[in-house]
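**Student:** Build the 3D model from these lines:
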Amino acid sequence: MRLSEFLARWPHLRPIYEVLEPFLPTTDIRVYPLGEAARMGYPVGATTLACAVPPDKLFFRHFPPDELTFAHELIHLCRKPPELESIDEEVWGYNLASIVAWMAKEGLMGRNPFKLFQLSEEQVNSVLRELGLSSIEDYYRHVGVIPWSHEEVLGPSWPPKLVRKYGWAECLIAFISELGAGLPYFALNKAILARLLERYC
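**Tutor:** Sure thing, here's the model as predicted:
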C-alpha cells in the first residue's frame, strides 16, 4: 500500500513521518508485509521485524509497527548529510529512532535530527552549562553512565576520571545515543535535546 494509505489507517504514526518528511527523497513510498521482501529478492532473517530498501520501500512484520520500528526504518530512507556518509546506517537508525519518536510526541517539527551528529563540542557544552553541567563527562557522572566512548580511571582522587577513548566525532555519537536511550527516564535528557534541536538543528 502507499505510505499515505498506511498513515491514514494508523494516524498515530503520522507525526513521526512529519518529522522526517523533509529528508525523504520521495513521498511516493510503498509499505509491504515483510514476506514480500523475500519474494522480491531482498535478504530477510528469521528474526527480522522490519527492513527498508531505499529510496521508497518499507517492509514490516507487524501492522501497525511500533513507533520506534517505524521511525527506525523511515530513517533508513532519509537523505543524510554528505559529510557524514561514513556513519553506518544502523548507527543512524538505532541512535535516532527514539529521538525522532520523542520529537513527534513533543511536536518538534521543522528540526533536523541528523544535525545532532554535526554538533561541535562547544555547542554541546554551551547547552550543558545552562543546565548546570560542564561537559559530557560531567553529564555521564550525573546520570551514572560509562559509555563505550569513555573509560573510567580510578585513582586516589575523587571523583574517578572519565577519559575519552576516541575523538569528538565518536564521543558525540555515544552522547546522542545516551540522550536518546535515557529519554524515558531523565527529564535532563529532554531538556538537553530540546535546546540542542531548537538552537542548532
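**Student:** then the lengthiest helix in the chain to PDB, C-alphas only?
**Tutor:** Longest helix in the chain, counting residues (DSSP state H): helix 89-106. C-alpha atoms of helix 89-106 as PDB (Å, rounded to 0.1, in the frame of the first residue of the first chain):
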ATOM      1  CA  GLU A  89      23.200   3.200   8.500                       C
ATOM      2  CA  GLU A  90      22.400   1.200  11.700                       C
ATOM      3  CA  VAL A  91      24.100   3.900  13.800                       C
ATOM      4  CA  TRP A  92      21.600   6.400  12.400                       C
ATOM      5  CA  GLY A  93      18.600   4.000  12.900                       C
ATOM      6  CA  TYR A  94      19.400   2.900  16.400                       C
ATOM      7  CA  ASN A  95      20.500   6.200  17.800                       C
ATOM      8  CA  LEU A  96      17.900   8.500  16.200                       C
ATOM      9  CA  ALA A  97      14.700   6.400  16.400                       C
ATOM     10  CA  SER A  98      13.900   7.100  20.000                       C
ATOM     11  CA  ILE A  99      14.800  10.800  19.500                       C
ATOM     12  CA  VAL A 100      12.600  11.100  16.400                       C
ATOM     13  CA  ALA A 101       9.700   9.400  18.200                       C
ATOM     14  CA  TRP A 102      10.100  11.800  21.100                       C
ATOM     15  CA  MET A 103      10.200  14.800  18.700                       C
ATOM     16  CA  ALA A 104       7.000  13.600  17.200                       C
ATOM     17  CA  LYS A 105       5.300  13.400  20.600                       C
ATOM     18  CA  GLU A 106       6.600  16.800  21.600                       C
END
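**Student:** helices and strands around the helix or strand just after it, which ones?
**Tutor:** Note on helix 89-106: by DSSP states H and E, the next helix or strand toward the C-terminus is helix 121-130. For helix 121-130, the helices and strands in contact under the criterion 3 or more CB pairs under 8 Å, 6 or more residues apart in numbering; DSSP states H and E are helix 136-143, helix 168-181, helix 187-200. Bear in mind the C-beta positions are built from the backbone N, C-alpha and C, glycine included.
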